[in-house]
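1. Predicted model follows, preceded by the sequence.
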Amino acid sequence: MHSLPYDGWMINPSSPERAADRAARRIARRWPVISGLSAVALAALLGLVVVVRANGLALEVDTEWMDEIIEHRSPVWEIPSLFMNSLGGGLFGVLIVPAVITLAIVFFKRPWAAGYYLVATVLSAGGVQLLKQVFGRARPEDMLVTSDFGSFPSGHVANAATMAVCLAIILPRLWVALAGAAYTIVMLLSRTYLGAHWLTDTIGGLLLGAGVAVVLWAPFAAKIDGERQIAARRRLERQRQRQRQKMARL
C-alpha cells in the first residue's frame, strides 16, 4: 500500500495510528491519565466529605447558594432552566443526543473519534449512577422538577462536561471549547436553579464527567489525531484537485 513521508515517519494514509504525530503517540504516558484520574478522585472525595462530614446534609456553601437561587427565582429564568433539564436528561439527553453526535462524527469519517465519544459517555453515566448509589445524598426540598434517587453527583452536568471535553479533543477549535464550557456552566446553573441539585453535586458531576473524558483520551489519542490528519490531507487534496480542474478549463 502506498505510503507517504510525514514528520520523519513513513505512514500509511489510511491508518489513523500511523498518521498520528509523535506527541499523540506519547500522550498515553503523560498528563491525561494523571489529571483525569485526579479529577475523578476529587469527585469521589467531595462526595465522601458530604456524607461523612455533613452526614449527607447540605454544606454551608450549598445552603447559601440555594438561598440566593430561591430569592431570585423568576419565570424569565425558569423557562430556559426547564429547557436545559429536558435537553440534558431523560431519554432525549441520555440516548438521542449522544446517538446523534456519534452518528455525525461517523458521517465525517471519524470512527475512532465516534467510538471515543460513545465510550466516554457510557462510562461517565455509569460512574454517576455508581456514586449516586454509594453516597445516596438527598436532593434539595425546593425542587421545581421531578428527579430520580441520589443528588450527588449531577448526571446532567457530568454528561455536559463529558460531551464538552470530548468534542474539544475531537475538534480542537477555540469556538468548540468555548461553546462546550458555556453549555456546561449553563447546565450547572440550571440544575441548581431548579433545585434538583446542591451546588456541590454539580461540581462533583463536572469533575467526574471531565475526568472520564480526559482519562479515556489517552488510549484513543493517537487514533483520534491520526484521523484528524488524514481528514486534513483529504481536504487539501480535494482543494488541489478542484484547482487543477479549474486551471484545465482556462
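-> Yep, that arrived. Note that the structure is a prediction, hence the values are computed from the model and not measured.
2. what's the helix or strand for the nearest residue to W198 once chain neighbours are set aside?
-> Nearest residue to W198, sequence neighbours excluded (C-beta to C-beta, 6 or more residues apart in numbering): D62, at 4.0 Å. In short, each C-beta sits where N, CA and C put it, glycine included. Using DSSP states H and E, D62 sits within helix 60-71.
3. Show me what that helix is packed against.
-> Other helices and strands packing on helix 60-71, by 3 or more C-beta pairs under 8 Å, 6 or more residues apart in numbering; DSSP states H and E, are helix 174-193, helix 199-249.
4. so what does the last one touch, helix or strand wise?
-> Other elements packing on helix 199-249 under the criterion 3+ C-beta pairs under 8 Å, 6+ apart are helix 16-19, helix 22-26, helix 31-52, helix 60-71, helix 111-135, helix 155-170, helix 174-193.
5. Out of these, which one sits most buried?
-> Ranked by mean neighbour count, the helices and strands packed on helix 199-249 are led by helix 155-170 with a mean of 27 (mean count of other C-beta atoms under 10 Å).
6. Tell me how far it lies from the chain's centre.
-> Distance of helix 155-170 from the chain centroid (C-alpha atoms, centre = their mean, to the nearest Å) equals 1 Å.
7. Tell me the helices and strands packed up against it.
-> helix 75-88, helix 97-107, helix 111-135, helix 174-193, helix 199-249.
8. Next, format those as TSV and append mean pLDDT and distance to V51.
-> As requested, these are exported to TSV (pLDDT from 0 to 100; distance: least, C-beta to C-beta, whole Å):
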stretch	mean pLDDT	distance to V51
helix 75-88	89	25
helix 97-107	93	30
helix 111-135	94	5
helix 174-193	95	20
helix 199-249	84	11
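9. May I see those organised as JSON lines, with distance to I34 added?
-> JSON lines is the format used below for the helices and strands packed on helix 155-170 (distance: least, C-beta to C-beta, whole Å):
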{"stretch": "helix 75-88", "distance to I34": "29"}
{"stretch": "helix 97-107", "distance to I34": "27"}
{"stretch": "helix 111-135", "distance to I34": "17"}
{"stretch": "helix 174-193", "distance to I34": "21"}
{"stretch": "helix 199-249", "distance to I34": "9"}
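10. Which of those sits closest to P153?
-> Across the helices and strands packed on helix 155-170, P153 has its closest neighbour in helix 199-249 (3.5 Å, C-beta to C-beta).
11. and the angle from that closest one to helix 31-52?
-> Counting by axes from the mean of the first three to the mean of the last three C-alpha atoms, to 10 degrees, helix 199-249 points 150 degrees away from the direction of helix 31-52.
12. Adding distance to V49, write the helices and strands packed on helix 60-71 out as CSV.
-> Converted to CSV, the helices and strands packed on helix 60-71 look like this (distance: least, C-beta to C-beta, whole Å):
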stretch, distance to V49
helix 174-193, 18
helix 199-249, 8
